[in-house]
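A.B. asks: The following block contains a protein sequence and its predicted model.
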Amino acid sequence: MAKDQASKKEPTRKSIARNRKALHEYHIEETFEAGLVLTGTEVKSLREGRANLTDGFGLIFQGEAWLEHAYIPEYTQGTWTNHSARRRRKMLLHKTEILRISQKVREAGHTLIPLELYFDGSRVKVEIAIARGKKDWDKRQALREKQDKREAERAMKDKVRRGE
């Protein structure tokens, strides 16, 4: 019986969509976890694993946090109750988090972007980040460092294989 209670307390985290482009385009400064207010057809569509966060961004409007342009396609078996694919969705955050985010976003060069959309148990959560845009030379430098690291690992593997 204790095993059943422990399994109920541990929520399972199942990823739906990731914004891989964000790590290339931005310097991530701070991350937050927020709940999402969704309709039934949106949740059903997400259970099918279909979503895209690439064009999405967050904003603070009248003391509330909103997720804009995140793509959740219409549910295929949905009827007239179906949702709009790119509608504005409310994010659920604590008031102190909203205030901290709004202060940071007001600074020049900072924006609020979604990193990942996932199920936490039966609830849909979004991981958002305060980020600062990278310059072109930052992106090239990051790619160069990644390539150098890959080549060093490859050289180490070859060295181990040869027994040196």
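C.D. replies: Sure, I can see it.
A.B. asks: Apart from its neighbours in sequence, what residue is nearest Tyr26?
C.D. replies: Distance criterion Cβ to Cβ, 6 or more residues apart in numbering; nearest residue to Tyr26, sequence neighbours excluded, is Ala131 at 3.6 Å. Placement of C-beta: from N, CA and C, glycine included.
A.B. asks: for the one you found, helix, strand, or coil?
C.D. replies: Classification of Ala131 by DSSP: H, G, I helix; E, B strand; the rest coil places it in strand.
A.B. asks: per-residue confidence for it?
C.D. replies: Note on Ala131: pLDDT of 89.
A.B. asks: who's in contact with it?
C.D. replies: Counting by Cβ atoms under 8 Å, 6 or more residues apart in numbering, Ala131 makes contact with 22, 26-29, 110-113.
A.B. asks: Any of the residues you listed buried? List them.
C.D. replies: 22, 26-27, 110-113 (16 or more other Cβ atoms under 10 Å).
A.B. asks: Just put those residues in a markdown table and tack on distance to Glu33.
C.D. replies: Formatted as a markdown table, the buried ones among the contacts of Ala131 follow (distance: Cβ to Cβ, whole Å):
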| residue | distance to Glu33 |
| --- | --- |
| Ala22 | 16 |
| Tyr26 | 18 |
| His27 | 20 |
| His110 | 19 |
| Thr111 | 18 |
| Leu112 | 13 |
| Ile113 | 14 |
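A.B. asks: Restricted to helices, list these.
C.D. replies: In helices, judged by DSSP state H, the following of the buried ones among the contacts of Ala131 are found: Ala22.
A.B. asks: can you tell me which of the buried ones among the contacts of Ala131 lies nearest to Lys90?
C.D. replies: Leu112 (13.8 Å; Cβ to Cβ).
A.B. asks: partners of that closest one in the sheet?
C.D. replies: Gly58, Ile130 (DSSP bridges).
A.B. asks: quick one, what contacts it?
C.D. replies: If a contact means Cβ under 8 Å, 6+ apart, then Leu112 has 57-60, 65, 101, 105, 128-131 as its contacts.
A.B. asks: and the gap between it and Asp120?
C.D. replies: Using Cβ to Cβ, to the nearest Å, Leu112 is found at 20 Å from Asp120.
A.B. asks: For Val126, give its distance to Gly163.
C.D. replies: 49 Å.
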